[in-house]
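K.L.:
turn this into a model:
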Amino acid sequence: MRKLVVLVALLGTLAAAASAGGAVAKRDVGKAKTLTGLSNARVQVTLLKVVNDATPEEFREPKAGNRVVALKLKLKNLTARTYEDYVTNGARLVDARGKTRKAPALGSVEPHLGQIKLARNGTATGWITFEVPEGVAISKFKYELNSGFGGQVATWRLR
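P.N.:
Predicted coordinates for the structure are as follows:
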């Protein structure tokens, strides 16, 4: 009986943390998705990690009442042509309220994944960041090649 009470208390604590935005389910973390974009671009994008309350670099703190959510991505060019892009332009984070947030041009967690130039089979790995209000859970990450004009959007579920 005592074990059951402890288990119920633990589950309640975990549920409260998740609803407050303190936890991110690993639902689609680690999944790779291949996107096609302009000029026959094909890039494999893998969401490697999500940090729900990341520590920002000095002088890049979020506004009062917000936290930094950081996503670690790996992009791999699957075509013979060089692929160039500014990764944050095509990145969107959707919170549990349905509000879509854009990534700032200058990230607050290094190495920042900004402008990339990938040769055939070339890869780039780094972080993109978003400011999200404290206590608001995140639900999805969306990405589109060619600074958001690639024509195909991949979605990773985060809860």
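
K.L.:
going forward, measure contacts between C-alpha atoms and count neighbours the same way
P.N.:
Will do.

K.L.:
so where do the strands sit in this structure?
P.N.:
Residue ranges of the strands in the chain, as given by DSSP state E, are 32-36, 42-51, 66-77, 83-86, 91-95, 100-102, 115-118, 123-133, 138-144, 153-157.

K.L.:
and these as a markdown table, adding mean neighbour count and distance to Lys26?
P.N.:
Converted to a markdown table, the strands of the chain look like this (neighbours: other CA atoms under 10 Å; distance: least, CA to CA, whole Å):
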| stretch | mean neighbour count | distance to Lys26 |
| --- | --- | --- |
| strand 32-36 | 17 | 14 |
| strand 42-51 | 19 | 8 |
| strand 66-77 | 22 | 12 |
| strand 83-86 | 18 | 26 |
| strand 91-95 | 22 | 15 |
| strand 100-102 | 15 | 20 |
| strand 115-118 | 15 | 27 |
| strand 123-133 | 21 | 17 |
| strand 138-144 | 21 | 11 |
| strand 153-157 | 17 | 8 |
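
K.L.:
now mean pLDDT and distance to Ser108 too, for those, in CSV please.
P.N.:
Formatted as CSV, those follow (pLDDT from 0 to 100; distance: least, CA to CA, whole Å):
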stretch, mean pLDDT, distance to Ser108
strand 32-36, 96, 24
strand 42-51, 97, 12
strand 66-77, 96, 8
strand 83-86, 96, 16
strand 91-95, 96, 15
strand 100-102, 95, 14
strand 115-118, 96, 15
strand 123-133, 95, 6
strand 138-144, 96, 18
strand 153-157, 96, 22
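
K.L.:
adding distance to Arg60, write the ones you listed out as JSON lines.
P.N.:
Conversion of these to JSON lines gives the following (distance: least, CA to CA, whole Å):
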{"stretch": "strand 32-36", "distance to Arg60": "29"}
{"stretch": "strand 42-51", "distance to Arg60": "16"}
{"stretch": "strand 66-77", "distance to Arg60": "10"}
{"stretch": "strand 83-86", "distance to Arg60": "20"}
{"stretch": "strand 91-95", "distance to Arg60": "19"}
{"stretch": "strand 100-102", "distance to Arg60": "16"}
{"stretch": "strand 115-118", "distance to Arg60": "19"}
{"stretch": "strand 123-133", "distance to Arg60": "11"}
{"stretch": "strand 138-144", "distance to Arg60": "21"}
{"stretch": "strand 153-157", "distance to Arg60": "26"}
